[in-house]
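[1] Need a 3D model of the sequence below.
(one chain, ligands or ions: 1)
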Amino acid sequence: MLELHHAGLSSCSKKSRLCLKEKGLTYTSHYLDLFKFEHRQPRYLELNPNGVVPTLVHDDKVIIESTVINEYLDEVFPDPPLKPADPSGRARMRVFTKMADEFALPALRVPVWTRFRLAQFQAMDEREFEGVVERTPIIEHRLRLRALRAGGFSDEAFKEAFARMEYVYDRCERTLADGPYLAGEMFTLADIAMLPYVDAFTGLRPELIASRARVRDWHERMMARPAVQQTFSPSSEAPEIRLAPARS
Ligand SMILES: N[C@@H](CCC(=O)N[C@@H](CS)C(=O)NCC(=O)O)C(=O)O
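    Numbering: from 1, shown residues only. Below you'll find the model as predicted:
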């Protein structure tokens with residue numbers, strides 16, 4: 001039995017939900033409301049000590065980290081394959097799954113946390129806020145929560161986030177000159193990993209994609225896939241997330 005603990009339309013949740021749907025796997029969905037900090041409840045922290053989503057439970061095995069979850073799913077359920085057959089293709093794929101985790105996600109956190117958490121944190125009293133910080137296992141996140149509540153992320157942090165994402169778009173644009181997908185000729189975990197970030201940044205900064213024809217074409221092709229449409233549209237397992245207006 002497969003169970004996914006996730007937050008619906010959050011980028012990391014989309015990654016693993018998309019992988020499950022591309023493979024046609026059925027799973028029990030456990031939606032966690034991040035706004036209510038359901039991902040910081042002791043029972044969930046037992047599954048995922050980082051207090052983040054998603055988490056996959058497969059029978060008696062608990063798998064965390066969206067990229068690791070997707071690699072696990074592809075190993076255990078190899079049809080259809082989502083990894084190139086050759087080692088160099090897999091290496092190329094992993095360059096992009098790593099880039100999604102190390103560049104794209106941290107870049108997206110700056111605008112998304114601002115829209116999702118700033119007003120919430122500023123409305124909390126000191127005790128309530130410190131309770132949230134205490135239940136946040138990742139030290140780097142604690143520092144960011146404090147910076148956010150103290151007045152929002154700096155202009156410098158926004159600039160850095162957009163520069164990181166621009167770098168990611170440039171890498172994708174160059175790579176897509178060699179084939180229709182990020183790892184070459186086949187749709188892989190690289191496309192799954194990058195799509196939620198490219199899609200989110202495209203919403204925030206349309207000019208990033210407007211000036212990169214190959215990324216634009218890739219994004220359009222990806223968004224037309226039935227599994228992507230099911231994953232990215234609000235649904236009973238993925239309700240709309242309330243966000244404050246974007247700041248540029
Ligand atoms: N490297 C982790 C990152 C997970 C992560 O940061 N998830 C976000 C959603 S995209 C989350 O749980 N955010 C809630 C929070 O930090 O309060 C993964 O890919 O699974």
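[2] okay, CA-based contacts and neighbour counts for the rest of this
    Will do.
[3] For the closest residue to residue 82 other than its chain neighbours, give me its contacts.
    Sequence neighbours aside, residue 188 is the residue nearest to residue 82 in space, at 4.3 Å (criterion: CA to CA, 6 or more residues apart in numbering). Shown in contact with residue 188 (CA atoms under 8 Å, 6 or more residues apart in numbering): 81, 82, 83, 84, 93, 181, 182.
[4] Quick check: pLDDT value at residue 188.
    The model reports residue 188 with a pLDDT of 98.
[5] What of residue 151?
    pLDDT for residue 151: 88.
[6] quick check, stretch 196-209 touching the ligand?
    No. Using CA under 6 Å from any ligand atom, stretch 196-209 stays clear of the ligand, with a minimum separation of 9.5 Å.
[7] how far is the lengthiest helix in the chain from where the chain is centred?
    In the chain, assigned by DSSP state H, the helix with the most residues is helix 155-175. On the basis of CA atoms, centre = their mean, to the nearest Å, helix 155-175 sits 16 Å off its chain's mean C-alpha point.
[8] which of the contacts of residue 188 are buried?
    Listed as buried from the contacts of residue 188 are 81, 82, 83, 84, 93, 181, 182; burial here means 16 or more other CA atoms under 10 Å.
[9] Between these, which sits nearest the ligand?
    Nearest to the ligand among the buried ones among the contacts of residue 188 is residue 93, at 15.8 Å by CA to the nearest ligand atom.
[10] That closest one: helix or strand, and which one exactly?
    In this structure, residue 93 sits in helix 87-99 according to DSSP states H and E.
[11] Check what contacts that helix and list those residues.
    67, 83, 84, 168, 182, 183, 184, 188, 189, 190, 193, 194.
[12] May I have the secondary structure class of the third one?
    To tie it back to what came earlier, the one meant is residue 84. coil (DSSP: H, G, I helix; E, B strand; the rest coil).
[13] Near the ligand, which residues of this structure are found?
    So far as CA under 6 Å from any ligand atom goes, the chain lies against the ligand at 10, 11, 12, 34, 52, 53, 54, 65, 66, 67.
[14] Neighbour-wise, give me the winner out of the residues you listed.
    Among these, residue 54 has the most neighbours (other CA atoms under 10 Å), with 28 neighbours.
[15] where does that one land on pLDDT?
    pLDDT, read off for residue 54, is 98.
[16] what are the phi and psi values for it?
    As for residue 54, its main-chain torsions (degrees, to the nearest 10) stand at phi -100, psi 170.
[17] still on that earlier bit, wait, which of the residues of the chain next to the ligand is closest to residue 131?
    residue 34 (15.0 Å; CA to CA).
[18] Pretty sure that closest one sits against residue 7.
    Yes. If you go by CA atoms under 8 Å, residue 34 and residue 7 touch, sitting 6.8 Å apart.
[19] how about residue 129, secondary structure?
    Assigned state for residue 129: helix (three-state reduction, three-state DSSP).
[20] nearest spatial neighbour of it, skipping sequence neighbours?
    Counting by CA to CA, 6+ apart, the residue nearest residue 129 is residue 121, at 6.6 Å.
[21] do the same with residue 137
    Nearest non-adjacent residue to residue 137, counting by CA to CA, 6+ apart: residue 50, 5.5 Å away.
[22] Can you name the residues that contact the one you found?
    Listed by CA under 8 Å, 6+ apart, the contact partners of residue 50 are 136, 137, 138.
[23] and these, which are buried?
    Buried members of those, scored by 16+ other CA under 10 Å, are residue 136.
[24] Dump the contacts of residue 50 to TSV, plus secondary structure and pLDDT.
    Listed next are the contacts of residue 50 as TSV, based on DSSP: H, G, I helix; E, B strand; the rest coil; pLDDT from 0 to 100:
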residue	secondary structure	pLDDT
136	coil	97
137	coil	97
138	coil	97
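[25] Fine by me, thanks again.
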